[in-house]
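Asks: Task: produce atomic coordinates for the following.
(2 chains)
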Amino acid sequence: MTRLAEYRQSRELTVNLVLRELRSRYKRTALGYGWSLLSPLASVAIYGVVFSVFLKVEPPVGDPSGLHSFVLFLVCGLLPWNYFSNCSNASLDALLANANLIRKVYFPRELLVVSATGALLVTYLIELGVLCVILVAVGSMVLPWIPVLLVLVALQAVLVLGVGLALSVLNVYFRDVKHFMILVLMALFYSVPVVYPVTLVPVERTILGVDVPIRFIYELNPLVRMIECYRAVLYDLRFPPLGSFLYFAASAVVFLVAGLVLFSRMDGRLAEEV
Amino acid sequence: MSGPAVVVDHVSKRYRLYHERNQSLKATVLRRRRARYEEFWALTDVSFEIGTGKTFGLIGENGSGKSTLLKCLARILRPETGSIRVDGRLSALLELGAGFHPELSGRENVYLNGAILGLSKRDIDARFDDIVAFSGLEHFIDTPVKGYSSGMYVRLGFAVAINVEPDVLLIDEVLAVGDAEFQQRCAEKFDELRRAGRTIVIVTHALDSIRNLCDEVALLEHGVLQDLGPAVSVINDYEERVHENRRTDGAGWRWGSGEAEVEQVEFLDVAGNPTTRVRTGDPLVFRVHLVAHEPIERPVLGIGVHTLDGVEVTGPNIREAGKVPERFSGRGFIDYRVERMPLLPGTYDFSALLYNYTITHPYDARIRAFRFDVDHGEPAEEHGMITLGGAWDLDGLATPS
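Replies: Residues are numbered from 1 along each chain as shown, chains lettered A, B, ... in the order given. The predicted structure is shown next:
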């Protein structure tokens, strides 16, 4: 039986595992699913106050939407970032938290990562839905762009799955990956244009007598391109810059393939190592 | 359908035994490898086939690799070499309720667990009532399973697993769960599966139940397939070998001054041949071989029979019988002759003690150092340790006129 056929057969299981994640996440909390909206709201409030009021970051004007709001500018980048970072964190624990299952039952272990990121995708879509409603309410007609938005979300889901597969299996063999990722995610957060526009990143800077193309290096990061794409669709209401879009799409596929390859090379002894 | 349901082809499985288990990148970089480990082959070149519809047993002592093999069959472990082919849908009962989420309700967990075992939602919908009825948890099915007792937990897990109705079912000693009534239901369901022509593979220690249950048995020892064949003959050979091993081991306790020694104990059957097995009601001679390195006065020999739990069944000696010799030197033996073995089936320890006449000075005491088995014989009684050898008389019942 090929892996692909196995995945098809396991669709049912994936759905159930996603439901398990969703149902158990907010069990016995008073707010329930409200938390999944409250926590991004809180971070928007905090970042909004710090970067807009204290640091006075000037948001660009949406073209052609005409939007000029730091909070909306922030949310359009923060939601995709949160989805990425939440998925990374969830993937790190996806295998270890299910050690009991892995040691006792066979099923394609990739599904644990798929379901962990899948559950987050559901909340992400809800968040984006709320954002779209708000955008429409402030007069920014985002609805025609939703198909493009969904393409971006699909590409990002592919990307985080690839990253998640790699992280999950690496963390089983090297437990410091999890701690290391705390640092990586912190550094990444400030090296993608979430709380500031890309235009604040200098194009070139001379460091120790060498001309360093800072913006070029900065934009090698697929997450930078990804956020540019989201911003174009949600904040500016236009098609993402083609270069960024293709770069993002290509890296999503590369990450997924790399993640799958790494996972299948390392999952042979999972039942012994978790 | 014919042909093998499971083909195990030259399977070997290696474990790594880590000495320093620091799962860290630093250690990896510094030592240029992950960790020191020793290799341990849990299975070596195991091959066999299981015919479709057969009930197959895997037996062996602890550490023989039988559970490892079962996990390889279940695809939880990946063998280093060789291949395993399974025909049809496979379900493994390695742990009941594996994958239950404590915060979710019984109902939600049934669907989740069913999906893990390979059922679709429609399959589970169709079987849901059966599953709940089987578990007997109708009242609790919508409460979170973390509130369940361990018995309830296991019952629900078993109810789901047994209702999967796979083509090949793997079971790891999980049948011994629940109360008597639940066990009865399990046994019935189990029988139903066998009659329906499902292939079943069981790993267990309980040799007696396997003898009745299985068509074929594979015996593993230290990861090597030792024996393969019809259940009864493989298990009988195995038991014989285990008893053989036991007799020669230096078990029990020993003390004494050593002027004279209990050299050996023999159990002699009716023909005078050494044996370690006797049947209830048959004659047996306990022969204690003695050697005196210097002459001893009025020695007293006592013997004892204990159950494996340490209960003393009997402990006669030659002083009580008024048969103490005046002096003993050189070699010799003393027999204790039993006309009709009153012990009921089981395994018993035998002790032999050589003391002075006042039983204050031990020459040699070998406590529970020898072992023999009692098999079913006449009378065919089951309960207690011994038979009183009585006879039933039903003449007192009113007879129809």
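Asks: mind listing what residue 269 touches?
Replies: Unless you meant another one, I'm taking chain A. B:Leu77, B:Arg78 (C-beta atoms under 8 Å, 6 or more residues apart in numbering or on different chains). Placement of C-beta: from N, CA and C, glycine included.
Asks: sorry, should have said chain B
Replies: So B:Asp269 contacts B:Thr275, B:Val278, B:Asp282, B:Pro283, B:Leu284 (C-beta under 8 Å, 6+ apart).
Asks: Pull out the buried residues from those residues.
Replies: Burial by neighbour count, 16 or more other C-beta atoms under 10 Å in any protein chain shown: within the contacts of B:Asp269 this picks out B:Val278, B:Asp282, B:Leu284.
Asks: Isn't the last one up against B:Leu268?
Replies: Yes. Counting by C-beta atoms under 8 Å, B:Leu284 sits close enough to B:Leu268 to count as a contact (7.0 Å).
Asks: what's the closest of the buried ones among the contacts of B:Asp269 to B:Ala161?
Replies: B:Val278 (42.8 Å; C-beta to C-beta).
Asks: So what does the closest residue in space to the closest one that isn't next to it in sequence have for phi and psi?
Replies: Computed as C-beta to C-beta, 6 or more residues apart in numbering or on different chains, the closest residue to B:Val278 that is not its neighbour in sequence is B:Leu284, at 4.7 Å. B:Leu284 adopts backbone torsions of phi -150, psi 140, taken as degrees, to the nearest 10.
Asks: Repeat that for the one 4 residues further on.
Replies: Listed backbone geometry of B:Val288 is phi -100, psi 120, with angles given as degrees, to the nearest 10.
Asks: what number of residues lie near B:Asn62?
Replies: As a burial measure, B:Asn62 scores 7 neighbours (other C-beta atoms under 10 Å in any protein chain shown).
Asks: What confidence value was assigned to the residue of chain A most remote from its centre?
Replies: Distance from the C-alpha centroid of chain A peaks at A:Gly209, with 37.0 Å (C-alpha atoms, centre = their mean). What the model reports as pLDDT for A:Gly209 is 86.
Asks: Tell me where the chain is predicted with low confidence.
Replies: Assuming you mean chain A. Residues of chain A meeting the criterion pLDDT under 70: A:1-3, A:5.
Asks: my bad, the chain I had in mind was chain B
Replies: Scanning chain B for pLDDT under 70 picks out B:1-2, B:19-36, B:97, B:173-179, B:206, B:208-209, B:240, B:242-252, B:400-401.
Asks: Spatially nearest residue to the spatially most central residue of chain A, not counting backbone neighbours?
Replies: Chain A has A:Phe84 as the residue nearest its centroid, 1.9 Å off, counting by C-alpha atoms, centre = their mean. Excluding its sequence neighbours, the residue lying closest to A:Phe84 (C-beta to C-beta, 6+ apart) is A:Val160, at 5.7 Å.
Asks: same question, B:Ser105
Replies: Per C-beta to C-beta, 6+ apart, closest to B:Ser105 is B:Asp142, 5.0 Å.
Asks: For the buried ones among the contacts of B:Asp269, could you give me a markdown table that also reports distance to B:Met152?
Replies: Listed next are those as a markdown table, based on distance: C-beta to C-beta, whole Å:
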| residue | distance to B:Met152 |
| --- | --- |
| B:Val278 | 46 |
| B:Asp282 | 48 |
| B:Leu284 | 49 |
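Asks: Which stretches in the stretch 101-250 of chain B count as helices?
Replies: Per DSSP state H, counting those that start in this stretch, the stretch 101-250 of chain B carries helices over the ranges B:106-116, B:121-135, B:150-162, B:180-195, B:207-213, B:231-248.
Asks: buried ones in the shortest one?
Replies: By neighbour count, with 16+ other C-beta under 10 Å as the criterion, the buried positions of helix B:207-213 are B:Leu207, B:Ile210, B:Arg211, B:Leu213.
Asks: Return the list of helices and strands in contact with that helix.
Replies: strand B:55-59, helix B:231-248 (3 or more C-beta pairs under 8 Å, 6 or more residues apart in numbering or on different chains; DSSP states H and E).
Asks: Please state the offset of that helix from the chain centre?
Replies: Helix B:207-213 sits 10 Å away from the centroid of its parent chain (C-alpha atoms, centre = their mean, to the nearest Å).
Asks: Name the surrounding residues that touch that helix.
Replies: B:Thr55, B:Gly57, B:Ile59, B:Leu175, B:Ile202, B:Thr204, B:Val217, B:Ala231, B:Val232, B:Ile235, B:Tyr238, B:Glu239.
Asks: How about stretch A:255-265?
Replies: By C-beta under 8 Å, 6+ apart, stretch A:255-265 touches A:3, A:109-110, A:113, A:158-159, A:161-166, A:168-170, A:222.
Asks: Make a PyMOL selection of the buried ones in those residues.
Replies: In PyMOL syntax, the buried subset of the contacts of stretch A:255-265 is picked out as below (16+ other C-beta under 10 Å):
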select buried, chain A and resi 109+110+113+158+159+161+162+163+164+165+166+168+169+170+222
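Asks: what ranges do the helices span in the stretch 101-250 of chain A?
Replies: A:110-137, A:146-173, A:176-190, A:214-218, A:222-231, A:242-266.
Asks: where does the stretch 1-150 of chain A come near chain B, residue by residue?
Replies: Counting by C-beta under 8 Å from any C-beta of the partner chain, the residues of the stretch 1-150 of chain A close to chain B are A:9, A:12-13, A:15-17, A:19-20, A:23-24, A:27-28, A:98, A:100-107.
Asks: Now do the same contact list for residue 83.
Replies: Looking at chain A here, since you left the chain open. A:Leu120, A:Leu121, A:Tyr124, A:Gln156, A:Val160.
Asks: You answered for a different chain; I wanted chain B.
Replies: Taking C-beta under 8 Å, 6+ apart, one finds B:Val7, B:Asp9, B:His10, B:Val11 in contact with B:Ser83.
Asks: Repeat the analysis, applying 10 Å as the threshold.
Replies: B:Ser83 makes contact with B:Val7, B:Val8, B:Asp9, B:His10, B:Val11, according to C-beta atoms under 10 Å, 6 or more residues apart in numbering or on different chains.
Asks: Can you tell me the strand partners of the helix or strand it falls within and which way each runs?
Replies: Secondary structure from DSSP states H and E places B:Ser83 in strand B:81-86. Strand B:81-86 sits in its sheet next to strand B:4-18 (antiparallel), going by DSSP bridges.
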